[in-house]
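[1] Here is a sequence together with a model predicted from it:
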Amino acid sequence: MNVEAARAQMLGQQIRAWEVLDDHVLEALEQTPRERFVPEDYRDLAFADTEIPLAHGQAMLAPKIEGRLLQALQVEPADEVFVVGTGTGFLTACLAQLAERVYSVDIFPEFVESARAKLAAAGHGDVELGTADALQLDLPGRFDAIAVTGSTPALEDRFVRMLRPGGRLFVVVGRAPVMEARLITLLPTGGTTSQSLFETVLSPLINAERPEPFVL
């Protein structure tokens, strides 16, 4: 595989074609070596328009979803960013090129350790990684942007509370087969705005799925 040709094709035919036109985002995607973050068995699919399977039934997001996520968050150089679901570390690496500081957690320790090595090799050893269930964290008013890489049945207020005024949250809400990617912005007044970005289907965060209420 000609890696650079495949990367250019990904950027042109998938990401730009899906209306990702922010130069900073495109540069981050171009300069982050996606092929080094993909599991070895799926290296040939590094630039394909598809999710890539990971252990524990998880998946690496498709490139165009990553592009839309990055563009929606409008990350500034002084921002502190939180990633829910480190996975392979690729999205975290892209955000590390855009932000001042990136914190990234995953519920699976082996994902965190693997991502740590890949991030260090890509020059992002200063990213703060941790093993945690993000649905149990309490970090109010800390972040300028939050990227949630799995879906939740309904919007989790916990993530909104983690934002600083003016902060942005990317999250996919709903249940298959109908889910919606949203951008939630916390206003200085304490209220929020919600922008519908696109429809998609993502695996739910571990522990996010709750049983439907019983109705007589």
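    Right, received. Where do you want to start? Predicted, not measured: the structure shown is a model, and the values here were computed from it.
[2] Quick one: end-to-end length of stretch 67-79, please.
    With CA to CA, to the nearest Å as the measure, stretch 67-79 spans 18 Å from end to end.
[3] Now do the contacts for Val83.
    Going by CB atoms under 8 Å, 6 or more residues apart in numbering, Val83 touches Leu91, Thr92, Leu95, Val102, Tyr103, Ser104, Val105, Ile146, Ala147, Thr149. Heads up, the C-betas are built off the backbone N, CA and C, glycines and all.
[4] Quick one: list the elements packing against the lengthiest strand in the chain.
    Longest among the strand segments of the chain by residue count, using DSSP state E, is strand 163-175. Counting contacts by 3 or more CB pairs under 8 Å, 6 or more residues apart in numbering; DSSP states H and E, strand 163-175 is packed against helix 63-73, strand 143-152, helix 157-161, strand 178-186.
[5] between those, which one is nearest to Arg7?
    helix 63-73 (9.7 Å; CB to CB).
[6] what's that closest one packed up against?
    Against helix 63-73 (3+ CB pairs under 8 Å, 6+ apart) you get helix 23-31, helix 90-98, strand 143-152, strand 163-175, strand 178-186, strand 192-200.
[7] Not counting its own residues, what contacts it?
    Contacts of helix 63-73 with the rest of the structure, by CB under 8 Å, 6+ apart, involve 10, 14-15, 17-22, 25-26, 28-29, 34, 47, 49, 61, 81, 90-91, 94-95, 98, 145, 147, 168, 170, 181, 183, 195, 197-198, 200, 202.
[8] Now that you've got those, can you turn the buried subset into something I can paste into PyMOL?
    To isolate the buried subset of the contacts of helix 63-73 in PyMOL, counting by 16 or more other CB atoms under 10 Å, use the following:
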select buried, resi 10+14+15+18+20+22+25+26+28+29+34+47+49+61+81+90+91+94+95+98+145+147+168+170+181+183+200+202
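[9] residues contacting Phe198?
    Arg68, Glu180, Ala181.
[10] From Ala99, how far off is the last one?
    Looking back up the chat, that one is Ala181. Plainly put, Ala181 is 20 Å away from Ala99 if you go by CB to CB, to the nearest Å.
[11] again, but for the second one
    Distance, Glu180 to Ala99, by CB to CB: 25 Å.
[12] And for the first one?
    Using CB to CB, we find Arg68 at a distance of 17 Å from Ala99.
[13] same thing with Gly87?
    Distance from Gly87 to Ala99, by CB to CB: 18 Å.
[14] now the helix of greatest length in the chain, how far from the centre of its chain.
    The single longest helix within the chain, with elements called by DSSP state H, is helix 109-121. Relative to its parent chain, helix 109-121 has a centroid offset of 16 Å by CA atoms, centre = their mean, to the nearest Å.
[15] next SSE after it?
    Per DSSP states H and E, the first helix or strand lying C-terminal to helix 109-121 is strand 128-131.
[16] Check which helices and strands that next one sits against.
    strand 101-106, helix 109-121.
[17] neighbouring strands for that strand, and are they parallel or not?
    Each strand paired with strand 128-131, and its direction, by DSSP bridges: strand 101-106 (parallel).
[18] count of residues packed around Glu199?
    Here the number of neighbours of Glu199 (other CB atoms under 10 Å) works out to 12.
[19] With adjacent residues omitted, what lies nearest to it?
    Leaving aside its sequence neighbours, Glu199 sits nearest to Glu180 (CB to CB, 6 or more residues apart in numbering; 5.8 Å).
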